[in-house]
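Colleague: no sequence on this one, just coordinates:
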């Protein structure tokens, strides 16, 4: 299985409590993507300054396009993309 890991980091000056409504909308979008089968897994970073979205059976360009539509996108410092192969 092909996986694209999108490693997301939120800008350090962004306070999570100030963007709570945006985060709720972000959760709704991610829940929809999961139900549509786009997301293999999702992890919050322990530091709470970002997440890792594991897109399945998708190329990097499509993952980039999708991440750019996330409600939190304007608040992101960076997104690193890592292509992976899941071994069974």
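Modeller: That came through, no problem. Because the structure is predicted, anything quoted here is derived from the model rather than measured.

Colleague: Please make it C-alpha for all contacts and neighbour counts, starting now.
Modeller: Will do.

Colleague: Please report how far residue 70 lies from residue 6.
Modeller: Residue 70 sits 12 Å away from residue 6, going by CA to CA, to the nearest Å.

Colleague: Those two: which is more packed in?
Modeller: residue 6 (22 against 17; other CA atoms under 10 Å).

Colleague: That one should be in a strand, yeah?
Modeller: Yes: if the criterion is DSSP: H, G, I helix; E, B strand; the rest coil, then residue 6 is within a strand.

Colleague: what sits opposite the residue nearest the centre of the chain in the beta ladder?
Modeller: In the chain, the C-alpha nearest the mean C-alpha coordinate belongs to residue 53, at 4.0 Å (CA atoms, centre = their mean). Per DSSP bridges, the residues bridged to residue 53 are residue 6, residue 42.

Colleague: could you point out the longest helix in the protein?
Modeller: helix 20-35 (DSSP state H).

Colleague: per-residue pLDDT, the closest residue to residue 59 other than its chain neighbours?
Modeller: The shortest distance from residue 59 to any non-neighbouring residue, by CA to CA, 6 or more residues apart in numbering, is to residue 4 (7.0 Å). Residue 4 carries a pLDDT score of 97 in this model.
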